[in-house]
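> A structural model of the following input is requested.
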Amino acid sequence: MIDIKENPAAYAVIKGSKKYPDIKGRAAFYDTYGGTVVVATVYGLPQKRGENNGGFHGFHIHEGGTCSGNVQNEFADAKGHYNPGVFPHPEHDGDLPPLLSNNGTAWMAVYTSRFYPEDVIGRTVIIHENADDFHSQPSGDAGEMIACGEIVSWSPDFCRRD
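Down below sits the predicted model:
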C-alpha cells in the first residue's frame, strides 16, 4: 500500500512548447506494490472544447530522455511512446489515460502495473494537443507534442514552487 504522504520515487517538471508557453505542471511517480501511481497536475492547457478533443489531451511516457528537438518538432528527442514489449497502441507501457482540462487545469492520478518508477527515470512525459483515440497506430493520433517533462529521481527540488 502506498502512502501518498511519502516522497515520490521520481518526478518530472512539465513545461509547454514555444507555441504553448503557459503550460506548467508536475508529474510524480510513486513506487507501490506491483507498479506505480502517477499523479499529474498541469496548468495552462489550451481550451479547445468541441474541436476534436473535448478538453482531453493525450498523456504518455516517451522513450527519449530529453525535451529537446528541432525546428519541425520542439520535442523530437522525446521519441515515441515507451514500449519495451513492442505492443500495439494502446498497450504500450507508456500509455496513460488522457488529461481532462477544466478551464486549463488538469489533475490526474492513476495506478499502472506496466512499469515501476525506476523504469521511466531518464525518459520523458509528453502532453499532446489532442485526445488519444486509443486505436490509431502507432500512437493514438493525439497530435502535436505541446508540453514535455524529463523524468528524474526524486529530490527536494520537487517541492519547490515555480
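
> Quick one: name whatever helix or strand follows the helix or strand bottoming out on mean pLDDT in the chain.
Sorting the helices and strands of the chain by mean pLDDT, DSSP states H and E puts strand 56-57 at the bottom, at a mean of 92. Using DSSP states H and E, the helix or strand that directly follows strand 56-57 along the chain is strand 59-62.

> Which strands or helices does that next one pack on?
Contacting strand 59-62 under the criterion 3 or more Cβ pairs under 8 Å, 6 or more residues apart in numbering; DSSP states H and E are the following elements: strand 124-128. To be clear about C-beta, it is placed using only N, CA and C from the backbone, and glycine gets the same treatment.

> can you pull out the helices in this structure?
Secondary structure of the chain (DSSP state H): helices located at 117-120.

> Report the central residue of it.
residue 125 (3.5 Å; Cα atoms, centre = their mean).

> hang on, isn't that one packed against residue 115?
No: when contacts are counted by Cβ atoms under 8 Å, residue 125 is not listed as touching residue 115 (12.0 Å).

> which residues are common contacts for those two?
residue 61 (Cβ atoms under 8 Å, 6 or more residues apart in numbering).

> Could you check how many residues crowd around residue 112?
For residue 112, the neighbour count with other Cβ atoms under 10 Å is 19.

> Next: residue 111.
Other residues close to residue 111 by other Cβ under 10 Å number 13.

> Which strand residues bridge it?
Counting by DSSP bridges, residue 111 is bridged to residue 37.
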